[in-house]
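> no FASTA, just this:
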């Protein structure tokens, strides 16, 4: 598996493991020549029906992914079949639990438009069950070309599926992948999300890889055995498994920057956001413009850092932003050539760097049942072990274990 870059953005992130910073551009693209990568804005999105907007018939029940134009389940199912991979299709034109926001398993709207899909990659009580979705590409991938795979994920607010898991992968193939019942598809995905993924709000994920064959199909899900997956109880209640909603999928070629960017990080340190990046080589690099945003859409330049011009050795850069707030902030670097051409890096999202407050604390028992708020009234609970889930003003959350000795 060749995973060369991953980035995550969210307007209100709930991280499985709280981080001080999110690394957004790490290693060089192996086998792709010089230059860090960024999406080619002129490139075609090769994914069929990427936002699940079009359909043959609006969904009206469980597991109707085949009604989303061009999409299907590798199991061949297009209705709820117990023990068989039966992924979901939701649309605002649908009816019943197939119509957002009140879907069968959670309350949420699509990231954009009217459609979205959902898969269960891991189930608590059945080690031989999981779901995948697949579709065709508009054109075969070009061997040796670097591609960015990006999409939005969320677990939604669910009282049924409280688990986050790792090994969420994207597999490209020459022929459509096939699943037998609900079993694992034995295949090595080209890219895979790092770590346990869980969020009650939509998060953006992006990875890159180099095509080694003219792949024509793409499939989303988990491609490792049940026992190889890490799972964490991160929701407020329930004990069923993990369910991920997916929307706005992109597969497109990427272009090279005139610099070879080795890394780009943003971290909260002593009530300031510290940006650090390094280049291996630079060609006609005039300067870097550091930009900040509160919503990842409207950007302002908060400073500039002179470039090295032309360099064939590693150069390290840093910039401190002291105007921080108790909310998520987004950063990117605009690299400017001597001829005025500007190229942008990917985006780094930093959780609240200022003070944040606890908005709510929920108490969950060992069976995953919601027991009310915390602290609990004296005498209202039986002795035992409980989980306290804390939700903060920046949208993040954390879970801790408490021992109740006396009622």
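Done, it's in. The structure displayed is predicted, hence computed values, not measured ones.
> my guess is residue 171 contacts residue 215. True?
No. Look at residue 171 against residue 215 with CB atoms under 8 Å: they stay out of range, at 9.0 Å. C-betas here are computed from N, CA, C, even on glycine.
> helices or strands up against the longest strand along the chain?
When the chain is parsed with DSSP state E, its longest strand is strand 272-293. Applying 3 or more CB pairs under 8 Å, 6 or more residues apart in numbering; DSSP states H and E, one finds that strand 272-293 contacts strand 259-269, strand 300-311, strand 315-321, strand 329-337.
> report the strands that pair with that strand, each with its relative direction.
strand 259-269 (antiparallel), strand 300-311 (antiparallel), strand 315-321 (antiparallel), strand 329-337 (antiparallel) (DSSP bridges).
> would you pull up how far that strand lies from the middle of the chain?
Distance, stretch centre to chain centre, for strand 272-293: 24 Å (CA atoms, centre = their mean, to the nearest Å).
> in that strand, what's buried?
273-275, 277, 279-283, 285-286, 288-293 (16 or more other CB atoms under 10 Å).
> ok, now stretch 300-317?
In stretch 300-317, counting by 16+ other CB under 10 Å, buried: 302, 307, 308, 311, 315, 317.
> where does the chain have low pLDDT?
Along the chain, the model assigns pLDDT under 70 to residues 1-43, 255-257, 354-358, 366-368, 377-379, 392-407.
> please parse it into its domains.
Using automatic domain parsing, the domain parsing of the chain gives 36-254, 257-350, 358-404.
> ranking these by burial, who's on top?
The highest mean neighbour count among the domains of the chain, using mean count of other CB atoms under 10 Å, belongs to domain 36-254: a mean of 20.
> which ones are touching residue 302?
Counting by CB atoms under 8 Å, 6 or more residues apart in numbering, residue 302 makes contact with 290, 291, 292, 321, 323.
> between those residues, which sits nearest residue 211?
Proximity to residue 211 was ranked across the contacts of residue 302 by CB to CB; first place goes to residue 291, at 31.1 Å.
> can you name the residues bridging to that closest one?
residue 301, residue 332.
> my guess is it contacts residue 303. True?
No. The criterion here is CB under 8 Å, and residue 291 misses it with residue 303 at 9.1 Å.
> for the two, list the residues in contact with both.
By CB under 8 Å, 6+ apart, no residue touches both residue 291 and residue 303.
> A helix includes residue 175, no?
No. Residue 175 is assigned coil when assessed by DSSP: H, G, I helix; E, B strand; the rest coil, not a helix.
> give me the phi and psi angles of it.
Backbone geometry at residue 175, expressed as degrees, to the nearest 10, gives phi -130, psi 160.
> show me what contacts the closest residue to it other than its chain neighbours?
In this structure, residue 175 finds its nearest non-sequential neighbour in residue 217, 6.7 Å apart by CB to CB, 6 or more residues apart in numbering. Counting by CB under 8 Å, 6+ apart, residue 217 touches 134, 135, 136, 137, 172, 173, 174, 175, 176, 177.
> check which helix or strand the third one maps to.
Right, residue 136. Here residue 136, judged by DSSP states H and E, is contained in strand 133-136.
> helix or strand right after that strand?
Helices and strands here follow DSSP H and E; after strand 133-136, the next one along the chain is strand 146-154.
> rewinding a little: what about the strand holding residue 136, distance to the chain center?
Using CA atoms, centre = their mean, the offset of strand 133-136 from its chain centre is 18 Å.
> same deal with stretch 69-84?
Mean C-alpha position of stretch 69-84 versus that of the full chain (CA atoms, centre = their mean) differs by 23 Å.
> ends of that stretch, what's the gap?
Counting by CA to CA, to the nearest Å, you get 21 Å between the two ends of stretch 69-84.
> make sure residue 98 is actually in contact with residue 67.
No. Counting by CB under 8 Å, residue 67 is not a contact partner of residue 98; they are 9.0 Å apart.
> okay, and the common contacts of these two?
Residues touching both residue 98 and residue 67 by CB under 8 Å, 6+ apart: 58, 59, 89.
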